[in-house]
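S.K.: 3D, please:
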Amino acid sequence: TGQHIFDFGLEAARRVWISVAVAAVAHDFVDGLFIDKARESSVSFAGVGSSRMAAWRAGHSAVIDAIAGEIPGEVVLNNAHRMPSARQPGAGSLFERWGQQTDHNGLSLIADIGLLSSLSSHSLLVLARSGGISPGSHVSSAQLQSACGVGLAAFLVALQGPSTSYYSCAHDFSWEAEWMQLLDDPIYSQPLGAPDGNAAQQSGGWLRRSFSSGTVAAWVKLSQPLQGCVVWATGEVSGDCP
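M.R.: Model (predicted):
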């Protein structure tokens, strides 16, 4: 509370915001931008009427659409700017609570898979994060194994552009338990290889996708209760298999 915001409904405000962002990215030590809280329907401000709020949401979307063109070659990342049915955006996305039904952005798992697949096929950066749902949540080991299994399987089922796609699963919803510890997870020492093709529908509501390194296969069930697993070429299993 008590914070000032840009009125994105005004062209002048949008131009100021974009100019500051472009200036920031001009520094060699800045790789790109993350624009948070872009899910339009969830944003509202006390004392602001519906028509002005609608203009703000439209302006906010316009800024995100425009910024990639202003800084070509730089990373632009957002949080739920576009739904899967919308046109291809110019920005990548952070998927919070990936592998849950529904996720942080109100999307079903099948919608998440479609959106991540679309973004990664255009070589846009995607970060998919599973696990604890709030700061201090510290989910149990059993809950974490289940959540990580679903999330990892769904990620591998959706993946189209591996060079720009990243996955993490952690017990807590906090930065120190997330990407900073990403390489500590033993899954990153497992062989994977290129996919043999897209995921195929299986009986019981499961999707299955295989990969070139031996017997690696990812399974994910899209109906409740969600299940997912990866069977690695080494014989090890992550998650709960059918």
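S.K.: what's the next secondary structure element after the top helix by length along the chain?
M.R.: Longest helix in the chain, counting residues (DSSP state H): helix 50-70. Later in the chain than helix 50-70, the nearest helix or strand by DSSP states H and E is strand 75-78.
S.K.: where does this structure have low pLDDT?
M.R.: 1-2, 37-43, 80-90, 132-146, 171-185, 215 (pLDDT under 70).
S.K.: if we go to 50?
M.R.: Along the chain, segments meeting pLDDT under 50 span 180.
S.K.: give me the most central residue, the protein.
M.R.: Geometric centre of the chain, nearest residue: residue 95, 2.2 Å, by C-alpha atoms, centre = their mean.
S.K.: ok, now which ones touch that residue?
M.R.: 103, 104, 105, 112, 116, 126, 127, 128, 129 (C-beta atoms under 8 Å, 6 or more residues apart in numbering). For glycine as for every other residue, the C-beta is placed from the backbone atoms N, C-alpha and C.
S.K.: go again with 10 Å.
M.R.: The contact partners of residue 95, by C-beta atoms under 10 Å, 6 or more residues apart in numbering, come to 79-80, 103-105, 107, 112, 115-116, 119, 126-130, 151, 154-155, 158, 167.
S.K.: need the phi and psi values for the nearest residue to residue 120 once chain neighbours are set aside.
M.R.: Spatial nearest neighbour of residue 120, chain neighbours left out: residue 161 (3.8 Å); criterion: C-beta to C-beta, 6 or more residues apart in numbering. Torsion angles at residue 161 (phi, psi; degrees, to the nearest 10) stand at phi -120, psi 90.
S.K.: next one: residue 188
M.R.: Dihedral angles (degrees, to the nearest 10) for residue 188: phi -80, psi -10.
S.K.: that one and residue 169, how far apart?
M.R.: Between residue 188 and residue 169 the computed distance is 11 Å (C-beta to C-beta, to the nearest Å).
S.K.: so between these two, which is more surrounded?
M.R.: Taking other C-beta atoms under 10 Å, residue 188 and residue 169 do not tie; residue 169 has more neighbours (26 against 10).
S.K.: helix/strand/coil for that one?
M.R.: When classified by DSSP: H, G, I helix; E, B strand; the rest coil, residue 169 comes out as strand.
S.K.: close enough to count as contact, it and residue 151?
M.R.: Yes - counting by C-beta atoms under 10 Å, residue 169 touches residue 151, with 5.5 Å between them.
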